[in-house]
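# Okay, structure incoming, though there's no sequence with it:
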Ligand SMILES: NC(=O)c1ccc[n+]([C@@H]2O[C@H](COP(=O)([O-])OP(=O)(O)OC[C@H]3O[C@@H](n4cnc5c(N)ncnc54)[C@H](OP(=O)(O)O)[C@@H]3O)[C@@H](O)[C@H]2O)c1
């Protein structure tokens, strides 16, 4: 029986855990909170409550893993992912089949240009630097590991429904260009494939391949909810109303190609079109909880 270890078993991790349990693996989920531990146990995993900011996981736990799914975010400050650093040290040369969920934020701002995995990383924020640091550490420790660069992850319970129903504004379409997305069920499926199949490259953009603007995305949600499109505001007003974090996401644009992923893995997206993904998400297909 193979042992799948999921470090940071949140919304995506739970989907991988469910697949691993169904495949007959022994599954261990490392999470920070009791609530997340309860959710992991419900899908059949053994849960360990452990704060990666306090100490790295036990070497014995890591060395027992045949597959490792690393889905915890970096800490909130600095340019180093100290959580990933601790895990890589504790691995001590053990190299399970591994996938790390990174972000397409590592590419920085490219306007309307397409980026692929050969595009050099150009982090524009400390948040993106931490992701680059994590990728580098992971691939140094586990050269055969797979890095999935995910864009915005959406799915049931992960849509701005309340904001749209409350009539909150969005930045005008003409002012913030392109964003990219993946449905959480596709990301979970890709993580599982990455640790059970052998893929030729180490880094893949895990995106549905249909970039759009946040405004169009919000308008589509509004349309599907049967409500008016959100009102538009310009940058000047957005700077006054939106959080620094939201503004930093809005200030970057790029179109992310998934051509390498599709060519190498033959993966057929459950939701290649975000509209289909939104319909399924709003229908309330329950997230694993
Ligand atoms: N949101 C997006 O659109 C987006 C886009 C690209 C990439 N990502 C990244 O993709 C990954 C998966 O996303 P997701 O939405 O599935 O994540 P999520 O639901 O937020 O799950 C993250 C998991 O990491 C655990 N964790 C966080 N800090 C920890 C710590 N100090 N020690 C131990 N565990 C810790 C959480 O445990 P608790 O719940 O117990 O705190 C949770 O189980 C994350 O790294 C996320 O940052 C997200």
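Yes, it's here. Everything quoted here is computed from the prediction, not taken from an experiment.

# Check which element follows the host helix or strand of residue 140 along the chain.
Assigned by DSSP states H and E, residue 140 falls within helix 126-141. Toward the C-terminus, helix 126-141 is succeeded by strand 146-150 as the next helix or strand (DSSP H and E).

# Going by neighbour count, list what's buried in that following strand.
146-150 (16 or more other Cβ atoms under 10 Å). Where you see a C-beta, it was placed from the backbone N, CA and C, and this is true even at glycine.

# partner strands of it, parallel or antiparallel?
Partner strands for strand 146-150, per DSSP bridges, with pairing direction: strand 97-103 (parallel), strand 203-205 (parallel).

# With distance to residue 222, mean neighbour count and mean pLDDT added, can I get these in CSV?
Below are the strands paired with strand 146-150 laid out as CSV (distance: least, Cβ to Cβ, whole Å; neighbours: other Cβ atoms under 10 Å; pLDDT from 0 to 100):
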stretch, distance to residue 222, mean neighbour count, mean pLDDT
strand 97-103, 26, 25, 98
strand 203-205, 28, 23, 98
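
# pLDDT value on the residue nearest to residue 101 when sequence neighbours are not counted, please?
Using Cβ to Cβ, 6 or more residues apart in numbering and skipping the chain neighbours, the partner closest in space to residue 101 is residue 71 (5.0 Å). The model reports residue 71 with a pLDDT of 98.

# Relative to the ligand, how far out is residue 71?
Note on residue 71: its distance to the ligand, by Cβ to the nearest ligand atom, to the nearest Å, is 4 Å.

# Report the contact partners of that residue.
Contacts for residue 71 (Cβ atoms under 8 Å, 6 or more residues apart in numbering) come out as 6-10, 12-13, 16, 101, 191.

# make it 10 Å
Going by Cβ atoms under 10 Å, 6 or more residues apart in numbering, residue 71 touches 6-16, 29-30, 99-101, 148, 150, 187-188, 191.

# Test my guess that residue 151 contacts residue 184.
No. Contact status for residue 151 versus residue 184: not in contact, 12.0 Å apart, counting by Cβ atoms under 10 Å.

# what residues does the stretch 1-150 of the chain put near the ligand?
Residues of the stretch 1-150 of the chain lying close to the ligand by Cβ under 6 Å from any ligand atom are 8-13, 31-33, 36, 50-53, 71-73, 83, 101, 103, 150.

# Any idea what residue 49 is bridged to?
residue 31.

# what's the residue closest to the geometric middle of the protein?
residue 150 (4.6 Å; Cα atoms, centre = their mean).

# Write down the beta-bridge partners of that residue, one by one.
Applying DSSP bridges, one finds that residue 150 bridges with residue 103.

# related to what we said a few turns ago, just the buried ones among the residues of the stretch 1-150 of the chain next to the ligand, please.
8-13, 31-32, 36, 50, 52, 71-73, 83, 101, 103, 150.

# per-residue confidence at residue 286?
48.

# List the residues that contact residue 187.
Residue 187 touches 11-12, 15-16, 71, 101, 148, 150-151, 153-155, 206-208, counting by Cβ under 10 Å, 6+ apart.

# One more pass at 8 Å, please.
Residue 187 neighbours (Cβ under 8 Å, 6+ apart): 12, 15, 101, 148, 150, 153, 206.
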